[in-house]
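**Student:** here's my sequence, what's the structure:
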Amino acid sequence: MRNLAIDRCRRSAFESTLFAKEEEGDTTSYASHSPEVIAIDRQALAQVVDALDELPERTRRAFELYRSGSHTQREVAHLLGISTTLVNFMIRDALTHCRQSLQGQMLPDR
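**Tutor:** Numbers count the residues shown, from 1 in each chain. Predicted structure coming up:
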């Protein structure tokens, strides 16, 4: 039960930080976003959650531990009993899958 609570907390933290701007110096206030932008962001978040759910369990777990659990790749490898090289590939594959999911779904209707 404790592990489920920890997983839920980590996933929540991951989801809340997923759409943070990666560029340095971004000072855009989220309070200034319009309802439309907020709705689009929520839709994108739902797409990423769905994309993560499509991943193999071990790949998803490695990605979540690394991105939202603040673990190093070496720590993730130790926790999952795999090599750091495999962890690196799994994280890359998960990130690529999420990005492709967003690119495929975010096209405006015409």
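**Student:** neighbours around Val87, how many?
**Tutor:** Val87 has 26 neighbouring residues, counting by other Cβ atoms under 10 Å. C-betas here are computed from N, CA, C, even on glycine.
**Student:** just Val48 next, same as before
**Tutor:** 20.
**Student:** grab the nearest non-local neighbour of it.
**Tutor:** Computed as Cβ to Cβ, 6 or more residues apart in numbering, the closest residue to Val48 that is not its neighbour in sequence is Cys98, at 5.1 Å.
**Student:** quick one: residues contacting that neighbour.
**Tutor:** Val48, Ala51, Leu52 (Cβ atoms under 8 Å, 6 or more residues apart in numbering).
**Student:** can you tell me the helix or strand for it?
**Tutor:** Element membership of Cys98 [criterion: DSSP states H and E] is helix 84-105.
**Student:** now that helix: buried residues?
**Tutor:** For helix 84-105, burial by neighbour count (16 or more other Cβ atoms under 10 Å) applies to Leu86, Val87, Met90, Ile91, Ala94, His97, Cys98, Ser101, Leu102.
**Student:** closest one to Thr72 out of those residues, please.
**Tutor:** Val87 (9.3 Å; Cβ to Cβ).
**Student:** so what's that closest one up against?
**Tutor:** So Val87 contacts Ala62, Tyr66, Gln73, Val76, Ala77, Leu80 (Cβ under 8 Å, 6+ apart).
**Student:** state the distance from it to Arg99.
**Tutor:** Distance of Val87 to Arg99, computed by Cβ to Cβ, to the nearest Å: 19 Å.
**Student:** cool, and Pro56?
**Tutor:** 17 Å.
**Student:** cool, Leu79 as well?
**Tutor:** 25 Å.
**Student:** can you pull out the low-pLDDT segments for the chain?
**Tutor:** 1-32, 105-110 (pLDDT under 70).
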